[in-house]
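Asks: Quick one: sequence plus predicted model below, questions after.
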Amino acid sequence: MSDTPICSAKGCRADAVWVLAWNNPKIHTPERRKTWLACDEHREHLSQFLGVRGMLKDVVTLAEWESTGPADTPGTDGVRDR
């Protein structure tokens, strides 16, 4: 099994390049961030999905996200929370 993060889009197995940080204001505290990973092909689609629901908070490169330090806890979506 590879340690390379993969895109969160359904059925996609491409390497992740982007981190989409999001928060559902109906269930999460304002500072909590859940994450989805995206390849270049799915970045816009996943961003739009979260954006129209008012949940998208930030989009950064995976390298930038990883350089900001360790995550707090694993997320229920299999990706890290901040």
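Replies: Arrived safely, thanks for sending. Numbers count the residues shown, from 1 in each chain.

Asks: List the buried residues of the lowest-mean-pLDDT helix or strand in the chain.
Replies: Sorting the helices and strands of the chain by mean pLDDT, DSSP states H and E puts helix 62-67 at the bottom, at a mean of 94. By 16 or more other Cβ atoms under 10 Å, the buried positions in helix 62-67 come out as 62, 65. Using the backbone N, CA and C atoms, a C-beta is placed for each residue, glycine as well.

Asks: now that helix, how far from the centre of its chain.
Replies: Helix 62-67 sits 11 Å away from the centroid of its parent chain (Cα atoms, centre = their mean, to the nearest Å).

Asks: got the CA positions of it in CSV?
Replies: The C-alpha coordinates for helix 62-67 follow below in CSV (Å, rounded to 0.1, in the frame of the first residue of the first chain):
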residue,chain,number,x,y,z
LEU,A,62,-0.9,19.5,-0.1
ALA,A,63,2.7,20.6,0.3
GLU,A,64,1.6,23.9,2.0
TRP,A,65,-0.9,22.1,4.2
GLU,A,66,1.7,19.5,5.4
SER,A,67,4.3,22.3,6.0
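
Asks: can I assume residue 41 is in contact with residue 14?
Replies: Yes: using Cβ atoms under 8 Å, residue 41 is in contact with residue 14, at 6.8 Å.

Asks: which one of those two has more residues nearby?
Replies: Taking neighbours as other Cβ atoms under 10 Å, residue 41 and residue 14 compare with residue 14 leading, 15 against 12.

Asks: Surely the more buried one and residue 6 touch.
Replies: Yes: look at residue 14 against residue 6 with Cβ under 8 Å: they come within range, at 6.6 Å.

Asks: give me the low-pLDDT residue ranges for the chain?
Replies: The chain contains residues with pLDDT under 70 at 1-2, 69-82.
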